[in-house]
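Peer 1: no sequence on this one, just coordinates:
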Ligand SMILES: Nc1ncnc2c1ncn2[C@@H]1O[C@H](COP(=O)(O)OP(=O)(O)OP(=O)(O)O)[C@@H](O)[C@H]1O
Ligand SMILES: [Zn+2]
């Protein structure tokens with residue numbers, strides 16, 4: 001019995017891998033290359049004209065529940081079937097957006113993402129699955145959409161969208177969804193959509209809050225009209241640091257699909273020059289009016305100074321990714337590696353361990369050595385800690401990834417230069433990687 005179950009599991013896994021391989025081959029064959037003839041670039045579909053094309057019986061059956069909506073009808077459905085929508089970012093926003101666009105019968109859906117599925121994505125990036133960990137996200141979304149609706153063409157782009165490749169790709173689509181998570185890509189998408197004349201449906205979600213608007217549509221403002229200057233990089237938080245409840249990007253991603261469907265089907269009104277703010281904690285949402293298009297906007301204004309795509313990472317002072325980046329603030333002699341710290345502990349070297357993470361993180365995991373927690377305003381707390389601790393011995397500071405710990409060491413060094421203080425390089429992630437493979441990673 002046991003072996004039957006085990007061999008069935010193995011067989012399923014083997015078949016799934018085979019399927020993944022076949023789908024990857026299909027993707028490669030279907031991938032729109034940059035030499036593919038571009039679309040008309042106008043973003044305005046022929047569906048406004050009387051279209052001789054008719055829905056097939058299969059399409060009538062599939063889309064019947066939305067076809068009978070007078071606001072959509074056959075004409076709206078034909079518009080959807082002939083529309084091309086590009087989703088940039090196959091994560092928490094991109095997944096729900098893609099599946100609703102596929103379900104609604106959008107003719108071509110492009111999906112751009114350079115990243116692969118990770119286990120920590122699955123709580124919100126709901127089209128990816130356990131068996132697709134390590135698979136390209138764009139390809140994973142393409143598989144899910146094709147499984148739902150074979151009427152739809154899905155084109156995965158396993159690339160990072162940048163100033164070189166953005167225009168030729170975006171020109172081939174009618175509407176663009178910004179489902180990314182970094183400021184440099186937001187500016188890139190804004191500028192390319194202005195230059196190519198495409199509406200940009202922009203969403204964002206963090207913690208329990210989400211935002212939604214449509215830029216560059218029906219004479220409304222672009223992103224730069226509202227935010228001419230990028231925010232200081234240190235003020236930007238991402239999901240990996242700030243956290244996010246999975247349902248929140250789920251809701252905002254669905255709204256992005258809704259806005260795109262209305263634009264494509266030419267029905268209803270859209271969120272141009274308006275911003276929707278959603279708060280999941282009290283389940284409230286409100287829509288605020290945004291300022292209009294700015295005549296002096298450097299990209300969509302009357303005499304634009306930006307007529308070509310620029311270097312957006314340089315403009316924002318931040319990379320076009322939210323992947324962990326190890327910062328080096330301290331000199332080598334103010335740091336210990338995780339292994340060196342393990343040795344300090346095993347030989348019984350006298351020290352005080354300071355853990356500078358949030359209390360909520362301390363609940364997830366802690367090093368197996370008693371630590372003092374010290375989060376806010378370490379310098380102010382130093383006196384208090386000194387009076388309750390033997391600080392004649394050395395101090396070791398730890399955090400999640402080894403960035404905050406360096407800042408804490410700097411602060412404490414400036415508060416008391418006599419302190420013998422170091423941080424653990426790479427923090428708890430390095431501990432899990434180099435010392436204890438059973439230590440949890442979050
Ligand atoms: N310039 C870009 N080109 C292509 N894909 C991009 C670009 N910028 C961001 N993305 C993709 O946008 C998606 C954003 O989704 P989300 O923030 O939900 O996921 P994540 O970055 O994988 O999550 P986490 O922050 O938890 O690691 C990511 O999959 C990321 O790879
Ligand atoms: Zn503008």
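Peer 2: Yep, that arrived. Since the model is a prediction, treat every value here as computed from it, not as a measurement. Numbering: from 1, shown residues only. Ligands and ions are numbered 1, 2, ... in the order given.

Peer 1: chain center to the lengthiest helix in the chain: distance?
Peer 2: Taking DSSP state H as the criterion, the chain has its longest helix at helix 2-30. Put simply, helix 2-30 sits 28 Å off its chain's centre (Cα atoms, centre = their mean, to the nearest Å).

Peer 1: Report the residue spans of this structure with pLDDT below the cut-off.
Peer 2: Applying pLDDT under 70 to the chain picks out residues 1, 20-21, 23-24, 27-53, 324, 374-392.

Peer 1: Can you name the residues of it sitting close to ligand 1?
Peer 2: Residues of the chain lying near ligand 1 by Cβ under 6 Å from any ligand atom: 88-92, 112-115, 120-121, 125, 137, 160-161, 180-182, 185, 238-240, 320-322. Every residue, glycine included, has its C-beta placed from N, CA and C.

Peer 1: Take these and keep only those in helices.
Peer 2: Assigned to helices by DSSP H, the following of the residues of the chain next to ligand 1 qualify: 137, 185, 239, 240.

Peer 1: For the first one, give me its contacts.
Peer 2: Taking Cβ atoms under 8 Å, 6 or more residues apart in numbering as the definition of contact, the neighbours of residue 137 are 90, 91, 94, 111, 113, 115, 116, 117, 121, 125, 128.

Peer 1: if we go to 7 Å?
Peer 2: Counting by Cβ atoms under 7 Å, 6 or more residues apart in numbering, residue 137 makes contact with 90, 91, 113, 115, 116, 117, 128.

Peer 1: returning to that earlier point: so which bits of the helix or strand following the longest helix of the chain are buried?
Peer 2: The helix or strand immediately downstream of helix 2-30 is helix 57-62, counting by DSSP states H and E. Within helix 57-62, the residues scored as buried using 16 or more other Cβ atoms under 10 Å are 59, 62.

Peer 1: Contacts for helix 57-62, please.
Peer 2: Contacting residues not belonging to helix 57-62 are listed as 67, 151 [Cβ under 7 Å, 6+ apart].

Peer 1: distance between it and the chain's centre?
Peer 2: Distance of helix 57-62 from its chain centroid, counting by Cα atoms, centre = their mean, is 35 Å.

Peer 1: which residues are in contact with whichever helix or strand comes after that helix?
Peer 2: Downstream of helix 57-62, the first helix or strand assigned by DSSP H and E is helix 64-67. The contact list for helix 64-67 (Cβ under 7 Å, 6+ apart) reads 60, 72, 73, 74, 77, 104.

Peer 1: Would you list the buried entries among the residues you listed?
Peer 2: The neighbour-count test (16+ other Cβ under 10 Å) marks 72, 77, 104 as buried among the contacts of helix 64-67.

Peer 1: and which of those residues is nearest ligand 2?
Peer 2: residue 104 (29.5 Å; Cβ to the ion).

Peer 1: so what's the closest one up against?
Peer 2: 66, 80, 261.

Peer 1: and it, backbone torsions?
Peer 2: Main-chain torsions, residue 104, degrees, to the nearest 10: phi -80, psi -10.

Peer 1: next one: residue 157
Peer 2: phi -120, psi 110.

Peer 1: Run through the bridge partners of it.
Peer 2: Per DSSP bridges, the residues bridged to residue 157 are residue 112.

Peer 1: for this structure, what spans make up the strands?
Peer 2: Applying DSSP state E to the chain gives strands spanning 84-88, 108-112, 153-157, 175-178, 200-206, 209-215, 274-279, 284-289, 335-336, 351-355, 371-373, 394-398, 421-424.

Peer 1: In JSON lines: these, plus distance to ligand 2 and mean neighbour count.
Peer 2: Shown next, in JSON lines, are the strands of the chain (distance: least, Cβ to the ion, whole Å; neighbours: other Cβ atoms under 10 Å):
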{"stretch": "strand 84-88", "distance to ligand 2": "19", "mean neighbour count": "26"}
{"stretch": "strand 108-112", "distance to ligand 2": "23", "mean neighbour count": "26"}
{"stretch": "strand 153-157", "distance to ligand 2": "26", "mean neighbour count": "23"}
{"stretch": "strand 175-178", "distance to ligand 2": "15", "mean neighbour count": "28"}
{"stretch": "strand 200-206", "distance to ligand 2": "11", "mean neighbour count": "26"}
{"stretch": "strand 209-215", "distance to ligand 2": "8", "mean neighbour count": "23"}
{"stretch": "strand 274-279", "distance to ligand 2": "15", "mean neighbour count": "16"}
{"stretch": "strand 284-289", "distance to ligand 2": "16", "mean neighbour count": "10"}
{"stretch": "strand 335-336", "distance to ligand 2": "45", "mean neighbour count": "22"}
{"stretch": "strand 351-355", "distance to ligand 2": "45", "mean neighbour count": "21"}
{"stretch": "strand 371-373", "distance to ligand 2": "46", "mean neighbour count": "16"}
{"stretch": "strand 394-398", "distance to ligand 2": "44", "mean neighbour count": "24"}
{"stretch": "strand 421-424", "distance to ligand 2": "43", "mean neighbour count": "25"}
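
Peer 1: So which of the ones you listed is nearest residue 266?
Peer 2: Proximity to residue 266 (Cβ to Cβ) singles out strand 175-178 among the strands of the chain, at 11.6 Å.

Peer 1: hmm, who's touching the closest one?
Peer 2: For strand 175-178, the surrounding residues in contact (Cβ under 7 Å, 6+ apart) are 85-88, 97, 170, 186, 189, 193, 198-203, 256, 260, 263-264.
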